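# kindly return the folded structure for what I paste below:
(chains A and B)
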Amino acid sequence: MLVRWTLTVAFALVVAAAVGAVAAVFNPDAPLLTGVVFAAATLGPAGALGWFLFVSPKTAAPDPNAEDNVENTWLEKAAAAAFVDLLVLLSLALTAVSVSGRSPDPQLLLLGAVVVAMGDVAIRYVIAARRER
Amino acid sequence: MRNSLPQRRAERGWSQAELAQRLGVSRQTVISIEKGRFDPSLPLAFRLAREFRVTIEDLFDPEP
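Next up is the predicted model:
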């Protein structure tokens, strides 16, 4: 188990350093600060991914009946509906951008899409759960 | 889909939580099946039938 945890920490450090390095290369104005900030922000998610890849296979057994639970159905329905919502929203946004000829900040657009998708799934899941109770 | 789950569960004196544990699913899943709001998967229907020692047709009625 010590080996697996060591691999997890090493994986997290390598991934965080790589992301920090790439960010630094693409931001020549303040490469050191950018690299450190991106590496620090990536360390947590990279550690979680490392745990998922190296530690969890030995410590967390997957539920063999997970798909039989009603909660799984709620999540699948919420995700499917959110996908359609997102498709409509992005289509409308694309139409608006095409007609107006003005391009929004891509970072803002992608962030908005992620937030809408996650929020939509969460809200639809909660609504489905409340209907059942 | 209608079912005789509540009656059969009551006959055996099992709580919803106990039945859920026997089936390896959440208690909410048992509640939703009993209310007829959730149709179980085929493997789960077989496990339910096995727990009550009946056939799937005895447990579930496809008529609304």
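# correct me, but residue B:46 touches residue B:54?
No: proximity of residue B:46 to residue B:54 does not meet the contact threshold set by C-beta atoms under 8 Å, at 11.3 Å. Just so you know, the C-beta spots here come from the backbone N, C-alpha and C atoms, and that holds for glycine as well.
# what about the longest helix in chain B?
helix B:42-52 (DSSP state H).
# now do the helices in chain B.
With DSSP H as the criterion, chain B has helices spanning B:5-12, B:16-23, B:27-34, B:42-52, B:56-59.
# and those, which is most packed in?
With neighbours taken as mean count of other C-beta atoms under 10 Å in any protein chain shown, these reach their highest mean count in helix B:27-34, at a mean of 21.
# and that one, what does it pack onto?
In terms of contacts (3 or more C-beta pairs under 8 Å, 6 or more residues apart in numbering or on different chains; DSSP states H and E), helix B:27-34 is packed against helix A:70-100, helix A:106-132, helix B:5-12, helix B:16-23.
# and the second one with helix A:70-100, angle?
It refers to helix A:106-132. Angular relation of helix A:106-132 and helix A:70-100 on a 0 to 180 degree scale: 140 degrees, by axes from the mean of the first three to the mean of the last three C-alpha atoms, to 10 degrees.
# buried ones in helix A:106-132?
Taking 16 or more other C-beta atoms under 10 Å in any protein chain shown as the basis for neighbour counts, the residues of helix A:106-132 that come out buried are A:117, A:120, A:121, A:124, A:125, A:128, A:132.
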